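Student: Quick one, structure for this:
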Amino acid sequence: MRRLPGVNRKFLQDIWNLTRDYWHSEEKWQARGLLAVIVTLNLAFVYILVLINKWFNRFYSALQNYDKTEVFSAMGEFCLLAAFYIIVAVYKLYLRQMLEIKWRRWLTQKYLTAWLKDQMYYRLQLTDNYTDNPDQRISEDLRLFTSYTLQLSVGLLNAVATLAAFIAILWQLSGTMVIPIGNHPITVYGYMVWVALVYAVIGTWLSHKIGKPLIGLNFDQQRYEADFRFSLVRLRENSESIAFYGGEKREEQGFIARFGKVFSNYWQIMQRQKSLTWFASGYGQIAIIFPLVAALPRYFSKEISLGGLLQTAQAFDKVHDSLSFLVTSYATMAEWKAVVDRLTGFVGNMREVSGLSHGSDFIRIGSAPGLDVSELQIDLPDGRRILSGLKLSLSAGDSLLVAGPSGSGKSTLLRTLSGLWPYAKGNITLPETKDFLFLPQKSYLPLGTLREVLLYPGPKAPVTDENICAAMSLCKLDFLKEQLGRVEDWSHVLSLGEQQRIAFVRALIHKPKWLFMDEATSALDEPTERALYTLLKERLQGTAMISVGHRGTLNSYHKKKLTLDGAGHWSMLNL
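Tutor: Numbers count the residues shown, from 1 in each chain. Below is the predicted model of the structure:
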């Protein structure tokens with residue numbers, strides 16, 4: 001028989017790699033204890049099914065014999081069994097869900113930490129093997145992984161336990177069947193067991209043949225759905241720019257094209273699942289009558305009673321269900337395999353990216369108060385060199401303007417100095433404090449109150465609203481003072497110029513020793529630019545500033561000017 005969805009050594013190793021850490025984590029005893037209780041409840045559930053199976057024989061035999069006392073006694077027994085059945089059924093599901101959400105919480109924390117550590121979220125985008133939609137890996141795939149892993153594992157345990165319990169009952173109830181073949185009849189012991197086995201094997205093989213394409217289709221569906229959802233979020237984030245461009249038609253075409261992939265792939269899933277449902281439904285319906293037909297010869301020969309016939313049919317059904325576990329779970333297993341592949345790919349990509357030359361490999365933290373750069377070369381991901389042999393020295397209170405044509409590597413130099421850019425070699429010595437603040441052209445404004453936006457990423461010491469408002473006044477944001485506690489999507493509420501002034505408020509609040517500014521005043525008029533740079537010089541006298549910009553007006557605010565040509569050459573000028 002062919003292998004089931006991805007059930008091979010590599011797949012099992014992938015599952016083990018994804019699961020082992022949790023079961024050896026700080027939560028291991030709680031997790032193992034919960035799992036032990038879940039296993040116990042599932043075995044108890046199987047035992048109750050065995051008792052109910054025996055009850056069928058007792059009850060229907062009593063009915064056949066018109067034994068009123070035995071009938072009512074059996075009904076009382078059933079009420080007790082039903083009560084235990086309900087209690088166990090409720091808590092085995094409840095505790096499984098408890099373990100699932102605890103496991104998911106732990107995995108989410110682990111993956112979030114790995115994704116955010118060393119700017120992994122940023123560096124993943126620099127490689128050719130960029131993991132599509134890492135947010136979905138963390139939010140959706142981890143949910144599905146924990147759910148499917150427990151669901152299928154516990155289901156397999158139930159199937160094995162049920163098979164072990166009922167195959168003995170079915171063997172005992174089956175008796176023997178004599179198959180006349182010429183003058184040498186063949187006696188088959190426990191023939192109902194063999195019938196159930198053959199029936200299940202045929203069903204499993206056919207399910208595999210029909211359902212195998214679902215593995216790849218489910219993998220693609222998750223990706224297409226995430227791409228479509230991400231494109232909708234992008235429109236919301238850039239709604240004003242799109243509205244100015246009048247790009248609605250172009251965006252609509254892009255949405256339709258992406259949803260076209262969702263629709264086309266889902267249609268293929270529908271067709272394949274329809275075929276699988278045709279087979280599974282027919283297979284299941286035949287299984288209802290099949291054991292009765294197979295057991296009727298013994299009933300008509302009066303070897304078993306009506307209760308025995310029904311008990312045999314139910315035992316056959318349990319054995320058949322156990323052996324057919326893979327048939328009924330095939331679609332879930334196919335999606336589970338796709339989830340495991342996506343998570344394994346995500347982990348593999350993070351591991352590969354972490355192996356790239358990282359800024360920390362050539363950045364040294366020293367006791368000197370300044371920044372020293374020597375023999376620094378910077379490349380692009382495709383290998384093209386944009387800066388070679390840079391030598392640079394800055395002290396506290398110095399100011400440097402980085403200029404050059406677009407694409408010459410100005411912003412990439414800032415990324416390299418801060419340790420973000422992995423495609424660089426050389427020596428960079430930073431002050432021991434490494435007290436940096438970066439002001440980009442478009443500031444990141446997190447969701448939350450305006451107060452949280454202004455204090456992002458978090459102050460080194462408590463800051464009062466009075467201090468915040470004073471900084472806002474200096475940066476000409478007085479009109480926002482009364483809205484510190486207001487929650488908004490501030491990146492859409494404030495203009496680009498106002499967002500750049502928000503960044504300068506942060507600089508005044510945080511008072512960093514090193515301030516990197518990448519086109520930080522591009523959306524401001526020259527008088528406002530002059531006022532803000534003057535403010536920095538007055539309020540942050542010990543702060544070293546490194547600015548990237550094109551405007552000639554920036555020259556007067558800096559002591560040195562570094563000019564890049566994008567071909568690896570550079571020149572330094574004292575202003």
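Student: And the pLDDT at D379?
Tutor: According to the prediction, D379 has pLDDT 88.
Student: From L420, how far out is it?
Tutor: 14 Å (Cβ to Cβ, to the nearest Å). Every C-beta, even on glycine, is put in place using the N, C-alpha and C of the backbone.
Student: Kindly list the main-chain dihedrals of the nearest residue in space to K410 that is not next to it in sequence?
Tutor: Closest residue to K410 apart from its sequence neighbours, by Cβ to Cβ, 6 or more residues apart in numbering: V548 at 4.4 Å. In terms of degrees, to the nearest 10, the main-chain angles of V548 are phi -110, psi 130.
Student: And the strands in the stretch 301-450 of the chain?
Tutor: 363-366, 371-379, 385-394, 399-403, 424-431, 436-439, 448-449 (DSSP state E, counting those that start in this stretch).
Student: highest average neighbour count across these?
Tutor: Between the strands of the stretch 301-450 of the chain, strand 399-403 has the highest mean count of neighbours, a mean of 22, where neighbours are mean count of other Cβ atoms under 10 Å.
Student: ok, and what's touching it?
Tutor: 392, 394, 410, 413-414, 544-550, 554-555, 557-564, 575 (Cβ atoms under 8 Å, 6 or more residues apart in numbering).
Student: Out of the residues you listed, which sit inside strands?
Tutor: 392, 394, 544-548, 560-564 (DSSP state E).
Student: Redo the residues you listed as CSV? Include pLDDT and distance to T534.
Tutor: What follows is the ones in strands among the contacts of strand 399-403, written out as CSV (pLDDT from 0 to 100; distance: Cβ to Cβ, whole Å):
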residue, pLDDT, distance to T534
L392, 90, 25
L394, 89, 20
A544, 90, 17
M545, 92, 12
I546, 93, 18
S547, 93, 14
V548, 92, 19
K560, 92, 18
K561, 93, 19
L562, 93, 22
T563, 92, 24
L564, 92, 27
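Student: Looking at those residues, which one is closest to T204?
Tutor: If you rank the ones in strands among the contacts of strand 399-403 by distance to T204 using Cβ to Cβ, V548 comes first, at 63.5 Å.
Student: where do the helices sit along the stretch 201-350 of the chain?
Tutor: For the stretch 201-350 of the chain, helices defined by DSSP state H, counting those that start in this stretch occupy the ranges 214-237, 239-245, 248-300, 306-323, 325-328, 330-354.
Student: For G458, which of the ones you listed is the nearest?
Tutor: Per Cβ to Cβ, nearest to G458 of those: helix 214-237, 23.6 Å.
Student: what's the angle from the closest one to helix 330-354?
Tutor: 60 degrees (axes from the mean of the first three to the mean of the last three Cα atoms, to 10 degrees).
Student: one step back: closest one to Y94 among the helices of the stretch 201-350 of the chain?
Tutor: The nearest among the helices of the stretch 201-350 of the chain, by Cβ to Cβ, is helix 330-354 at 20.4 Å.
Student: Any idea how far that closest one is from the middle of the chain?
Tutor: 9 Å (Cα atoms, centre = their mean, to the nearest Å).
Student: Give me the buried stretch members for it, please.
Tutor: For helix 330-354, the neighbour count (16 or more other Cβ atoms under 10 Å) marks 330-347, 349-350, 353 as buried.
Student: distance of the closest residue to W570 other than its chain neighbours from L292?
Tutor: Counting by Cβ to Cβ, 6+ apart, L564 is the residue found nearest to W570 once chain neighbours are left out, at 5.2 Å. Note on L564: its distance to L292, by Cβ to Cβ, is 85 Å.
Student: Which one's more surrounded, those two?
Tutor: More crowded of L564 and L292, by other Cβ atoms under 10 Å: L564, with 24 against 14.
Student: didn't that one look like it was pressed against T412?
Tutor: No - using Cβ atoms under 8 Å, L564 is not in contact with T412, being 9.4 Å away.
Student: In JSON lines, list the strands of the stretch 301-450 of the chain along with distance to E252.
Tutor: As requested, the strands of the stretch 301-450 of the chain are exported to JSON lines (distance: least, Cβ to Cβ, whole Å):
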{"stretch": "strand 363-366", "distance to E252": "46"}
{"stretch": "strand 371-379", "distance to E252": "39"}
{"stretch": "strand 385-394", "distance to E252": "38"}
{"stretch": "strand 399-403", "distance to E252": "40"}
{"stretch": "strand 424-431", "distance to E252": "41"}
{"stretch": "strand 436-439", "distance to E252": "36"}
{"stretch": "strand 448-449", "distance to E252": "32"}
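Student: quick one: which of those is nearest D220?
Tutor: strand 371-379 (34.3 Å).
Student: Pull out the buried positions in stretch 200-220.
Tutor: For stretch 200-220, by 16+ other Cβ under 10 Å, it's 200, 203-204, 207-208, 210-215, 217-220.
Student: If anything else comes up later, I'll come back, but that's it for now.
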